[in-house]
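>>> Task: produce atomic coordinates for the following.
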Amino acid sequence: MRKIILSVILITILVLTFISNFIISDNPIPAEAVKFDTGDTAWMIVATAFVLLMTPGLGFFYGGMVGKKNVISTMLQSFMAMVIVTILWVVVAFGLAFGPTIGGIIGNPSSNLFFEGVGTSTAWSLAPTIPFMLFALFQAKFAIITPALITGAFAERIRFWAYLLFMVLFIILIYAPLAHMTWHPDGVFFKMGVLDFAGGTVVHMSAGWAALAGAMFLGKRKVQKANPARITYVLLGTGLLWFGWFGFNAGSALGANGLAVQALGTTTVAAAAAAMAWVFLDKILGHKLSALGACIGAVVGLVAITPAAGFVSIPHAIFIGLFSAIVSNIVVSKFPKGKIDDALDVFACHGVGGMVGMLLTGVFASKAINPAVGDNQGLIFGTPTLFINQLTALVIVSIFAFVASYALFFIVNKITPLRVTEEKEELGLDISQHGEFL
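Have a look, this model is predicted:
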């Protein structure tokens with residue numbers, strides 16, 4: 001049956017793309033020519049490449065943490081996100097995220113199927129200085145890394161084909177609605193005044209809550225404490241993530257401007273502060289200063305600053321990095337691992353880090369940094385409205401992402417078993433799923 005389904009998918013895409021000139025109209029050219037900025041366009045091309053690099057970086061980050069017999073499968077899960085989500089995004093998901101609104105919840109994909117109307121002579125309303133296609137491809141990289149982030153929670157025990165099916169459903173039914181609600185001008189969160197500069201809700205909270213749902217649904221691994229295969233992979237992956245995150249955050253300014261520089265600065269100091277706080281806290285608690293701890297701390301800081309990057313000052317970014325690392329470190333140490341096997345602490349790092357970042361955006365966002373904040377500044381400036389909006393969005397996204405993800409795991413498991421057998425888990429996913437090994 002699987003062979004038939006895969007054959008149908010390949011043939012359908014082949015046929016539709018071959019006859020696309022008959023079923024898809026040419027990209028519309030506006031009555032008034034759009035004047036693109038070459039500097040903005042150049043920077044956004046580079047930023048798009050930066051963000052794509054984060055996903056193989058994540059593969060190294062996760063791959064180094066798992067046991068040796070699961071390294072290839074773990075890294076391949078990230079790589080295949082680049083493959084599957086890219087095609088899915090072009091075919092339908094971009095329209096679901098950024099197409100004409102349906103009730104402020106999701107976009108109508110009909111006008112953007114196979115990137116119809118997404119060309120190089122038009123522009124997105126909130127990014128008028130770069131081609132529309134460039135904006136769409138930049139956003140594709142955010143969609144790619146989000147399901148890849150989830151994989152750390154159910155590492156070493158999920159069937160690969162079931163993961164691919166979950167990924168497709170997650171992008172269509174969870175990621176796209178959240179992106180639309182948060183970043184589309186007609187989205188419900190956008191209209192509420194919720195601030196999410198680069199993906200605190202859309203990427204990290206959705207991935208964190210989905211990770212918790214997946215860990216709960218799949219159950220514990222047979223052996224939970226495997227020695228990390230390659231700490232050097234984790235260090236390399238962290239470096240690639242930190243590098244790529246400059247495109248993630250600074251690129252979300254959608255131009256080569258002062259706001260991009262501000263986001264670059266806040267991202268830099270938040271990551272450094274979080275890494276410092278994590279290893280200092282480890283030492284305070286009686287642990288050794290470890291490479292793994294430094295890497296995890298840096299990533300937590302990058303996660304937490306993501307929603308706030310273009311809204312807060314440099315000192316406040318340092319606070320966000322320090323505070324998020326302390327909170328996530330405590331959550332990791334107190335997480336009930338004996339009951340819930342979140343293998344690589346995705347919820348404690350990405351979910352909690354994203355929530356801390358969203359709330360602290362509501363505390364520190366300043367119109368002196370970004371005039372788009374307006375009068376609804378952060379709580380520290382004496383205005384509670386933004387903080388209440390951030391808290392409201394946090395609660396709604398948390399409930400939606402967890403419940404919907406758990407439902408998707410349930411549905412996928414009915415279609416094809418999610419978990420490998422005990423024998424295959426014992427053998428390792430590299431051999432049992434892919435026939436390869438280190």
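>>> mind checking which helix or strand of the chain has the lowest mean pLDDT?
Ranking every helix and strand in the chain by mean pLDDT, DSSP states H and E puts helix 20-23 at the bottom, with a mean of 73.
>>> In the helix or strand just after that helix, which residues are buried?
The helix or strand immediately downstream of helix 20-23 is helix 38-63, counting by DSSP states H and E. Residues 40-41, 43-45, 47-48, 50-63 are the ones in helix 38-63 that count as buried (16 or more other CB atoms under 10 Å). From N, CA and C alone the C-beta is placed, and that goes for glycine too.
>>> Longest helix in this protein, by number of residues?
Across the chain, the longest stretch assigned as helix under DSSP state H is helix 385-415.
>>> List the contacts of the helix or strand following it.
Toward the C-terminus, helix 385-415 is succeeded by helix 422-427 as the next helix or strand (DSSP H and E). With contacts defined as CB atoms under 8 Å, 6 or more residues apart in numbering, helix 422-427 is touched by 69, 156-157, 221-222, 419, 432-433.
>>> Give me the buried subset of those residues.
69, 156-157, 221, 419, 432-433.
>>> taking those one by one, which sit in helices?
Residues of those located in helices (DSSP H): 432-433.
>>> Let's have the buried ones among the contacts of helix 422-427 in TSV, adding pLDDT and distance to residue 310.
Converted to TSV, the buried ones among the contacts of helix 422-427 look like this (pLDDT from 0 to 100; distance: CB to CB, whole Å):
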residue	pLDDT	distance to residue 310
69	95	42
156	94	37
157	95	38
221	90	39
419	96	41
432	94	45
433	94	40
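>>> got the buried ones among the contacts of helix 422-427 as CSV, with distance to residue 352 columns?
Shown next, in CSV, are the buried ones among the contacts of helix 422-427 (distance: CB to CB, whole Å):
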residue, distance to residue 352
69, 29
156, 22
157, 23
221, 22
419, 26
432, 32
433, 30
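>>> Between the buried ones among the contacts of helix 422-427, which sits nearest residue 302?
residue 156 (24.6 Å; CB to CB).
>>> who touches that closest one in this structure?
66-67, 70, 74, 221, 226, 343, 425, 429.
>>> 6 Å instead, please
Contacts were defined as CB atoms under 6 Å, 6 or more residues apart in numbering; by that measure residue 156 touches 66, 70, 221.
>>> Now do it against residue 52, distance only.
26 Å (CB to CB, to the nearest Å).
>>> try residue 9
Distance of residue 9 to residue 52, given as CB to CB: 23 Å.
>>> next one: residue 118
In this view, residue 118 and residue 52 are 18 Å apart by CB to CB.
>>> got it, and residue 126?
Taking CB to CB, one finds residue 126 at 21 Å from residue 52.
>>> separation between residue 252 and residue 95?
21 Å.
>>> Over to residue 36?
23 Å.
>>> These two: which is more packed in?
Each of residue 36 and residue 95 has its neighbours counted (other CB atoms under 10 Å); residue 95 has more, 27 against 16.
>>> Wait, a strand at the more buried one?
No. Assigned with DSSP: H, G, I helix; E, B strand; the rest coil, residue 95 falls outside any strand and is helix.
>>> per-residue confidence at it?
Here the pLDDT value assigned to residue 95 is 97.
>>> Residue 335 too?
Value for residue 335, per-residue pLDDT: 86.
>>> who's in contact with the closest residue in space to it that isn't next to it in sequence?
The shortest distance from residue 335 to any non-neighbouring residue, by CB to CB, 6 or more residues apart in numbering, is to residue 348 (5.5 Å). Neighbouring residues of residue 348 by CB under 6 Å, 6+ apart: 328, 331-332, 335.
>>> Count the neighbours of residue 283 for me.
13.
>>> Residue 285 now?
Neighbours of residue 285 (other CB under 10 Å): 10.
>>> Could you report the separation of the nearest residue to it once chain neighbours are set aside from residue 320?
Spatial nearest neighbour of residue 285, chain neighbours left out: residue 333 (7.6 Å); criterion: CB to CB, 6+ apart. Between residue 333 and residue 320 the computed distance is 21 Å (CB to CB).
>>> Compare the two (neighbour count), which wins?
Neighbours were counted for residue 333 and for residue 320 using other CB under 10 Å; residue 320 has more, 31 against 14.
>>> tell me which element the more buried one falls in.
Short version, using DSSP H and E: residue 320 is in helix 314-334.
>>> Other residues contacting that helix?
Counting by CB under 6 Å, 6+ apart, residues outside helix 314-334 touching it are 265-266, 269-270, 273-274, 277-278, 281, 297, 300-301, 304-305, 345, 348-349, 352-353, 356, 360, 364.
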